[in-house]
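Engineer: Sharing a sequence plus its predicted fold:
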Amino acid sequence: MGKAYVAIVLGLCLAGPAHAASPIATKNATAQPKPAKPEWSALTSAQQSVLAPLKDDWSELDSTRRAKWVKVANRYPKMKPEERERLQARMKEWANLSTEERRAIRQKYLAIKKMPPSSREQLKVQWQQYQQSLVAKPDTKGEITPASNPQ
């Protein structure tokens, strides 16, 4: 499971910048916060289908994160099949993480985001080397088998 965390954190870092939601101060401190939009029921059936792994957590997402996922769902039909598979797999992995695991991953992501560009580039190179080490390797009989992925 540790490698899955690393994969998610690095995947998020290498995928591009993300905007963390921050509460906006209101003039009236006693005002109730606005409910996050859009509600799950307001999504189209196509969007719900793409975002299905996040359905149980949708109510916990703020408006900024919801908007991000709606944009992803809208881009989904234009994605290549392998991109779609990767997206679905990552959403399912994320949905299966506990709140504490998600918090830890977000903290790691923020720490990596704060690194100087040279350090991030070095980390990216290390990640690519790690990914290449997982590529199928010949076994003792000369057959190709996937590299082991101990957890």
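Structural biologist: Everything's here; your move.

Engineer: low-scoring pLDDT stretches of this structure, where are they?
Structural biologist: 1-33, 136-151 (pLDDT under 70).

Engineer: just so I have it, where are all the helices in it?
Structural biologist: Secondary structure of the chain (DSSP state H): helices located at 2-15, 45-50, 63-75, 81-95, 99-114, 117-133.

Engineer: Including distance to residue 56 and mean neighbour count, could those helices go into a markdown table?
Structural biologist: Bear in mind the C-beta positions are built from the backbone N, C-alpha and C, glycine included. Output for the helices of the chain, formatted as a markdown table (distance: least, C-beta to C-beta, whole Å; neighbours: other C-beta atoms under 10 Å):
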| stretch | distance to residue 56 | mean neighbour count |
| --- | --- | --- |
| helix 2-15 | 18 | 15 |
| helix 45-50 | 13 | 15 |
| helix 63-75 | 13 | 16 |
| helix 81-95 | 7 | 13 |
| helix 99-114 | 12 | 13 |
| helix 117-133 | 30 | 11 |
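
Engineer: closest one to residue 39 among these?
Structural biologist: The minimum distance between residue 39 and those falls on helix 63-75, with 8.9 Å, by C-beta to C-beta.

Engineer: report the angle between the axes of that closest one and helix 81-95?
Structural biologist: Helix 63-75 and helix 81-95 are oriented at 150 degrees to each other (axes from the mean of the first three to the mean of the last three C-alpha atoms, to 10 degrees).

Engineer: name the helices or strands packed onto helix 63-75?
Structural biologist: When contacts are defined as 3 or more C-beta pairs under 8 Å, 6 or more residues apart in numbering; DSSP states H and E, helix 63-75 packs onto helix 45-50.
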